[in-house]
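Undergrad: The sequence and its predicted three-dimensional model are supplied below.
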Amino acid sequence: MSPINAASNWLKERLEWDDLVAPLRKKAVPLHRLSYWYFLGGITLFLFGVQVLTGILLLLYYRPGANEAFESIQHIMTQVQYGWLIRSIHSWSANLMIFTAFAHMFSVLFLKAYRKPRELTWLTGVVLLFLLLGFGFSGYLLPWNTLAFFATKVGTEITGQIPFIGGPALIFLRGGEEVTGATLTRFFGFHVAVLPGITTLLILAHLLLVQRLGMSVPPKVEAEWTANPFARREMKFFPNFALRELMAWYVALGALGALAAISPWNLGVKADPFSPAPAGIKPEWYFLFMFQTLKLIPAKVWLVDGEVLGVLVFGMAGVLWLLLPFFESTKASVTKSWITGLATFALVYITGMSVYGYLAK
Amino acid sequence: MATLQNSSRSFGAATRSATLASFLLSVFLGISYGQTRNSCLDCHSALPEPLGVSQDKFAQDIHAQKGLTCASCHGGDPGSDDPDKAMSRTAGWKGKIERKQIPQLCGSCHSDPAYIRQFNPGLRTDQLDQYHTSVHGKRLAAGDTKVAVCIDCHSVHDLRAPSDPRSSVNPVNIATTCSRCHSDAVYMKQYAIPTDQFAKYSQSVHHDAIAVRGDLSAPTCTTCHGNHGAAPPGVDKVQNVCSTCHVFQDQMYEQSSHRKAFQAAGLPGCVVCHSNHGISHPTDAKLSTGSGATCIQCHQPGDACDQARAELLGGLNRLDTAIKRADDVIAVAESSGMEVSEARMGQSQARDALTKARVTVHSFRQDLMNQDIQAGMKIATQDLELGQRAMAERNRRRMGLGMSLLAIGMVLVSLRAYIKKIES
Amino acid sequence: MNPNETVGVSAKARKVVMATIDEVAAKTAGNQSPPVSRRGFVSLLLGGSFVASAVAFLYPVLRYLNPPKMADMGSDSVLAGKVGELKLNSGKIFRFGSRPGLLVRTAEGDYRAMSATCTHLSCTVQYRDDLREVWCACHNGKYNLEGRNISGPPPRPLEAFDVQVRGDEIFVRRRREA
């Protein structure tokens, strides 16, 4: 027996390996015309892994603090070997990850994978999406350039509009009344410690649930297969689906490399709190739809301040989004079409508003 | 306000009402403190032009704001409501002031340092003396009332401080104020001086600076001609005027051959090449032979000076081209994400050298020019090299990308084959 | 994904099929294919390309972990000069980011630093030891040693920087702090 085999057997005995991975061996992925959507979750996970890895690498050179943050990233971009690559991959991957997270969420919505018994999977997933947006918001400030500074100012200002808790929330986020170096330190803490901790736990929970409950099949396909059991097709997760997933991950890796090399992420100009905000300041694209909506709401709607109303509406929409599975019928064969309608509306709204916000002055 | 109860009038109540009445009286007096009674406006605010002065208009006037009244200049009794008493000669009423008298009238306060010190200790009090030395003042003394007197520039009845941007003598407005007469060909017919100064000035780089960019340090009419002592500087003094700001050009020109030549010929120095009112932004074209060429106005094509001109222009063109070349390369490198801040700073220094060369040109000496050109060329060449190195690094990155994409492609291909294999 | 490439209807069925194939293969043992079959080649290719991609991925990471030789200017202070470089009552231009800065050693011996971009029309200023002032050659603008504009066209002062002398090195940094 080769040394590798011997070592591997030694380990397997002590971990009770075969019992551990037995369920994984059995795991199968349903195959139908919509199966390609199953890749999205894994791609998002892969991109998160890229973020963790590049994030740790960046941590080796980044210095938080208003005096040094910008300069340290300049140092990374210009002096550290391949620093430009690591940093640009981190920034591009962040955007790609949020995009695939949204796509994953919508695909789950339209394929109705949130139905019983997968409500918890959906809950953890939506919370994960919010956490990713938090990652995006906190990470964006870390270079301490003009765009980031003012985007954070505007973003936290909007948070301050929430009734009752808005004031304390704003102070908590900013580490004070204004956006200062204290805000930067705080956001750094959120970005590298608090959010990763919570996100890791939730990802584990999410994956565990997916493992336990298996992959959901869209209702129409399920109906077809119930009528004709021989039409049911499956693919083993290990190694067949996993290898295909690996291909998707390599494509994503290639895309990231290309983006980083051909279109490196801008550094901009160091933030100067005393200069006025640049005209037409906008948040990153994943916040654009909310930002543009708030811009369009009139200053006062009946007796309520327009911005407060907007914030409240989005807050309620968030809560509604979390609780969607509970509105769904528990009978496997019945689905509420209004939820599909709502999902379609949300997709169109988010896409439309994002484009509008991007093009608007 | 509490109503007094008549039925229970007591001594205490009477005292109360008396106190209240005197309090109200002193309030009213307090409000009108500093505003002496000005009965003139009661009628004159309702009269039409030219006798009319509205309350609004007069409220803008700085003299009114300081507490002066119509009588301060026109005499009479402003406290009386009776026109005969108010406008009585015995009370000192002067009526409409004759134009010839106006400078003297204004000077009666404004040349009195002790008086002016009460209002604005920093205000000058030599305006009248200056005015007497000006063309306007001299002509007025000779009997010409068409020339400008105080009120023509400063306005009257709504006179604002010069620092007020609405004032007719605020730097941004001065040229327009002067042009009211000096651009009026009919009005100026008898004076045999041009009336195109304002038109020309409006096209100039100085006007652009002050009116468009808001740079209050830029020259307007009074900067070169003086304000109260306004007069043309004189052909031989032009250089002095320009050199108050353009020091370096003056130093170069001072040691040039042109200075002696122009002086001997009675030519107005800087104005010969740059004009006086319509000074446009000078370009290298001034040294060329095409449109905008200046040298050719005096020099013959092909002579020694013309050849020198060609050399000077050649030097400037060489440096300009070198800077642009480096700029182009740096811009491409920067848009590809390369760090080029050192090169950019070098470029601003190279541009400074070019600006310096364009100043040195006023010496018309090739040796001095060459110093600046060489200094600039050295920097521009360095920056070009930095830009090219940045481009090389960029290309290296793309090569690296290509190789890793190749590796990734191989993985994808072999994964596909492997999957096919295990599933067949 | 082509359904024909799937593993089949169920795991159990597959087991049966594979067992049958093995039986048949064993019977036709005489007709075995050569050692490096297509199967082997694909595995080789896969392994090789994995290694290649891993190298392409690890190489930049390993290079990244190696700190650069250049002195870390991680903070926003810049090395403007060395002690002894400047004579008394003289100045020099240094690079502050991509803009010029002016370092002055006064006649008394202390150091001042400020932006060297004139606030009038952005020419580069210089120190005049005869005037003991900062001067702009373009339009005769003047600034004092604190950077305040005192004469001529400049509308605003020059941004003043902090100077720190550490050992024999002179560091200049921006004053503003968020």
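TA: All right, it came through fine. Numbering: from 1, shown residues only, chains lettered A, B, ... in the order given.
Undergrad: what kind of secondary structure is C:A113 in?
TA: strand (DSSP: H, G, I helix; E, B strand; the rest coil).
Undergrad: what packs against the helix or strand where B:S179 lies?
TA: Assigned by DSSP states H and E, B:S179 falls within helix B:171-182. For helix B:171-182, the packing partners by 3 or more Cβ pairs under 8 Å, 6 or more residues apart in numbering or on different chains; DSSP states H and E come out as helix B:150-154, helix B:197-202, helix B:221-225. For glycine as for every other residue, the C-beta is placed from the backbone atoms N, C-alpha and C.
Undergrad: please redo it, this time with the cut-off set to 6 Å
TA: helix B:197-202, helix B:221-225 (3 or more Cβ pairs under 6 Å, 6 or more residues apart in numbering or on different chains; DSSP states H and E).
Undergrad: Quick one: closest of those helices to chain C.
TA: helix B:221-225 (11.4 Å; Cβ to the nearest Cβ).
Undergrad: CA atoms of the closest one as CSV?
TA: Output in CSV follows, covering the C-alpha atoms of helix B:221-225 (Å, rounded to 0.1, in the frame of the first residue of the first chain):
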residue,chain,number,x,y,z
CYS,B,221,-9.4,100.8,-16.9
THR,B,222,-8.4,102.4,-13.7
THR,B,223,-5.6,99.9,-13.0
CYS,B,224,-3.5,101.3,-15.9
HIS,B,225,-5.0,104.8,-16.2
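Undergrad: Buried residues in the helix holding B:S179, which are they?
TA: Within helix B:171-182, the residues that count as buried by 16 or more other Cβ atoms under 10 Å in any protein chain shown are B:P171, B:V172, B:N173, B:I174, B:A175, B:T177, B:C178, B:S179, B:C181, B:H182.
Undergrad: In the stretch 251-361 of chain A, what residue lies closest to chain B?
TA: For the stretch 251-361 of chain A, Cβ to the nearest Cβ, closest residue to chain B: A:P264, 3.1 Å.
Undergrad: tally of neighbours for B:Q65?
TA: Residues near B:Q65, counting by other Cβ atoms under 10 Å in any protein chain shown, number 14.
Undergrad: can you redo the buried residues of helix B:171-182 as CSV with pLDDT and distance to A:R186?
TA: Shown next, in CSV, are the buried residues of helix B:171-182 (pLDDT from 0 to 100; distance: Cβ to Cβ, whole Å):
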residue, pLDDT, distance to A:R186
B:P171, 92, 49
B:V172, 92, 48
B:N173, 93, 52
B:I174, 94, 55
B:A175, 93, 56
B:T177, 95, 58
B:C178, 94, 61
B:S179, 95, 61
B:C181, 94, 67
B:H182, 94, 65
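Undergrad: Where does the prediction get shaky in the chain?
TA: In the absence of a named chain, chain A is used. Flagging of chain A using pLDDT under 70 yields the residue ranges A:332-333.
Undergrad: hm, I was asking about chain C
TA: In chain C, residues with pLDDT under 70: C:1-39, C:70-76, C:176-178.
Undergrad: Kindly recompute the last result at 80.
TA: Within chain C, the stretches with pLDDT under 80 are C:1-39, C:69-77, C:97-98, C:138, C:175-178.
Undergrad: Which residues of it lie near chain B?
TA: C:5, C:42, C:45-46, C:49, C:52-53, C:56, C:95, C:97-98, C:124, C:137, C:139-140, C:153 (Cβ under 6 Å from any Cβ of the partner chain).
Undergrad: distance of the residue lying closest to A:L60 once chain neighbours are set aside from A:L57?
TA: Spatially, and ignoring its direct neighbours in sequence, A:L60 is nearest to C:L65 (7.2 Å; Cβ to Cβ, 6 or more residues apart in numbering or on different chains). Computed as Cβ to Cβ, to the nearest Å, the C:L65 to A:L57 distance reads 8 Å.
Undergrad: Can you pick out the residue with more neighbours from those two?
TA: For C:L65 versus A:L57, the count of surrounding residues by other Cβ under 10 Å is larger for A:L57: 23 against 12.
Undergrad: just checking, what packs against the helix or strand encompassing the more buried one?
TA: Using DSSP H and E, A:L57 sits in helix A:39-59. On a contact count with 3+ Cβ pairs under 6 Å, 6+ apart, helix A:39-59 meets helix A:83-110, helix A:242-262.
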